Structures are given as structure tokens and as C-alpha cells.
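**Student:** Next come a sequence and a model predicted from it.
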Amino acid sequence: MRCVALLMAAGSGSRFGAPQPKQYSILAGRPVIRHAAEALLREGGVDALLPICAPDMMATVTAALEGLPCLAPVAGGATRQASVRAGLEALAGDPPAVVLVHDAARPVVPAGTVAALMAALEDHPGAIPAQPVSDTLKRGDGGLILETVPRAGLFRAQTPQAFRFELLLAAHRGAAAEATDDAQLLEAAGLAVVLVPGHESNVKITWPEDLARMEAALREATMSVPMIPRIGTGFDVHRIVEGRPMVLCGVVVPGPLGLDGHSDADVGIHALCDAIYGALAEGDIGRWFPPSDNQYKDADSARFLVHAAGRIAARGGVLANADVTLICERPKITPHATAMRERLAGLLGVPVDRVSVKATTTERLGFAGRGEGIAAQAAVSVLVPG
């Protein structure tokens, strides 16, 4: 049976409290969504992944999942249910027999889970992994216990959840109300959903401490893999012109002048991308985003850096540090340096203390000294599996 897994990554993750949604946070050197995707594919049974994400995160998802058997990302909706339906409708023209629905914030799919789900679908329309509730449950209000809830027969639902495609699509199309998961839609349609054994390691990252706990577990599991340091450098120059915004290291610097270029001409990000691609021996920014391609006309260079970070993740690597030097007489960089560091760190998915942004002048010598342009150089250190 052909099986496609919907990788649900459209949520904002507001409870996680980070600048970017939790599914894009870095876990053991790679985005959480990459771990989730590889976990779905690890034991076979899944023919392709279909990422569902926010419209402005498609480039991020594409970079994070590069090299995996993925269909083109689909824009999600305002709710999880709307996002799942968007994915199902995208598949309706060439429907698989089976669809899995998995949270991109669940980086671990325990061994045997997908096989157990597929076996259950031979006789049932749907199946989900679940664990019996072991803690005593209380219903409360205003900080007071109202009652103890019997836990007999209660389970904690996990993902991936598995369904016969046509039945799940019909359940979504006929849904009269919002459901908390896809199994609930089949329940409402009077269809039986089987429980298969879940596992404690199938953690959905919701809070920062969840990420820290998973980081420790994965670090212990991969301690035997040697990591090799690689160094990369980058250099870029753009001319100063009127009528363009001045974008440096992802931050718009107010003023009457800007930088000329095919994209937004962010000289700092361009140099940093080249440094990363160089460390990985994967060419330069022009290889990945050629200036002859009109789709990058006036593009936000942030998407280029997200792609470069995704290439590190795709190689199983981690960015140890990045150092950017802006070379110019004007504008003054120091008042904006902190914002630039924070912006770059967010795009790279690393702590801000791994990113440096500083500036220097050429003592009024050369094109930079004459105020004709701005140059940038960057250096990075990347660790990749040996």
C-alpha cells in the first residue's frame, strides 16, 4: 500500500516561547522537524513525506528536509484540522492508500510503531499509538480539586496516526466541528480506530524543558559519532545607492541610502552564506540562488541564510560559531549590532552567543572609505560527522 506521511509543521508553538516555532528549533545539531522526518522514514513503509507549514516557512522547511523523499510543502490553515485537510486535498488528485499524520514536534518515532500501525490498517480504518494514563487525574477549578477522574480505560494519544486515505478525507470534508486529532473525526463518523502500543520516548516538544530533555537523550545516543570541524570564509561587496533600503545582517538600518543588488543586497548575510557553503564544500550563494533567476529579485536574504542553515542540518552537522565583519564608513553599526546578532541567530537556529557581528573602517581608503559601497567578510566553524 502506498503511504504518504503528512508532517504537520504549521503551528506557531506559542507555549514554547521562542522566536521561531518549536519544530524548527535545533536539536542535537539539526531542526526538530528533520529528526521527525527521518524517524518516520527510518524503518520503511513510508513512501513520501508531505510537509504542511505556514506560508512564510516553506523555504525553511524545504532546506531542513533537503535530500529526503518529500513532496512540495503545502500551506497550512488557521487550525490543525484545516492544515490536515489542506494536505489531504493536495493528495486527492493522486491519492495514496494510506496516510499518516505526524507532529513535526515529535522527533522520535519508536521502532516498530509504523509497522504496527500499518498492520492494524489491514482490518480497521484507522489506528493510533497511545499509552495508558498512569497518573491520578484531577478535575479542578480556581486552583481547587473538584473531583478525581477515574483513569481506567484512559489513554494518551500520540502520533503518527494512520488512516485509510479516502476515509480520512471524507471525514474531514464532512466534519461538523473542530476535533483535537484526526482519530476523533473517524470516531464522529462511527468508524473504529485501533489503539497500538505507544512509548514514553514519543515526546511532543511543547516546553523548553522538553527540548533540553530530548537533547540530553539524543546526545547520549550519538556520543560515539565523531564530529569533524570545518572552517569556511565568505566575502561580499555591494554598492551604496539612493532609493533602496539599507538591510544589513537581516536588520533594516534607517537612512536615505541603501545597497544595490538583485536581492535586498544584504551584504552581511551574503558573506555569511558563502562562509557556510564553503565550510561544507557546497559552492557559493550564486550556485543556490543565481542572480539570473527573477524569483530572487528583491528577495529577503533571510531565506538564503535559512537555506544555508538547512544544509548544515542535512549533513548532520552543527554550527559552532559565526563571525561577521561589516566594512564601511557609514552607517554606524554598533547601535544595531545586538539586533543583528539576534536576527542572525534566529535564522540559523542557534543561541545568540554563537554569533558575532562587528564593524571596521578602511580609514577612508578605497571604495568603502569613500562611501561608495559596503563590504563584509564572514568566518564560520561547522562540525559535521566524520
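**Tutor:** Thanks, I have the structure now. Numbers count the residues shown, from 1 in each chain.

**Student:** OK, contacts around the residue nearest to residue 7 when sequence neighbours are not counted?
**Tutor:** Nearest non-adjacent residue to residue 7, counting by Cβ to Cβ, 6 or more residues apart in numbering: residue 51, 4.7 Å away. For every residue, glycine as well, the C-beta is placed using N, CA and C. Applying Cβ atoms under 8 Å, 6 or more residues apart in numbering, we find residue 51 in contact with 7, 9, 33, 37, 61, 65, 70, 71, 73, 74, 104.

**Student:** how about a cut-off of 7 Å?
**Tutor:** 7, 9, 61, 65, 70, 73 (Cβ atoms under 7 Å, 6 or more residues apart in numbering).

**Student:** low-scoring stretches of the stretch 251-386 of the chain, by residue?
**Tutor:** For the stretch 251-386 of the chain, no stretch has pLDDT under 70.

**Student:** Over to the residue nearest to residue 7. Which of the three states is it?
**Tutor:** Under the three-state scheme (DSSP: H, G, I helix; E, B strand; the rest coil), residue 51 adopts strand.

**Student:** how close does it get to residue 325?
**Tutor:** Residue 51 is 36 Å from residue 325, where distance means Cβ to Cβ, to the nearest Å.

**Student:** could you pull out the strands for the stretch 201-350 of the chain?
**Tutor:** Taking DSSP state E, counting those that start in this stretch, the strands of the stretch 201-350 of the chain run over residues 227-242, 246-248, 251-253, 257-259, 318-327.

**Student:** tell me the most buried of those strands?
**Tutor:** Each of these was assessed for mean neighbour count using mean count of other Cβ atoms under 10 Å. The highest is strand 246-248, with a mean of 26.

**Student:** what sits up against that strand?
**Tutor:** Contacts of strand 246-248 (Cβ under 7 Å, 6+ apart): 252-253, 255, 257-259, 264-268, 326, 331, 340.

**Student:** which of those residues lies closest to residue 243?
**Tutor:** Distances from residue 243 to those, taken as Cβ to Cβ, are shortest for residue 258 (7.1 Å).

**Student:** Look up which residues are beta-bridged to the closest one.
**Tutor:** residue 241 (DSSP bridges).

**Student:** residues contacting it?
**Tutor:** 241, 244, 245, 246.

**Student:** who's the last one bridged to?
**Tutor:** The partner list for residue 246 in beta bridges (DSSP bridges) reads residue 253.

**Student:** Check what pLDDT it gets.
**Tutor:** Model confidence at residue 246, given as pLDDT, is 95.

**Student:** what's the span of stretch 290-300 from first residue to last?
**Tutor:** Distance across stretch 290-300, first residue to last, is 14 Å (Cα to Cα, to the nearest Å).
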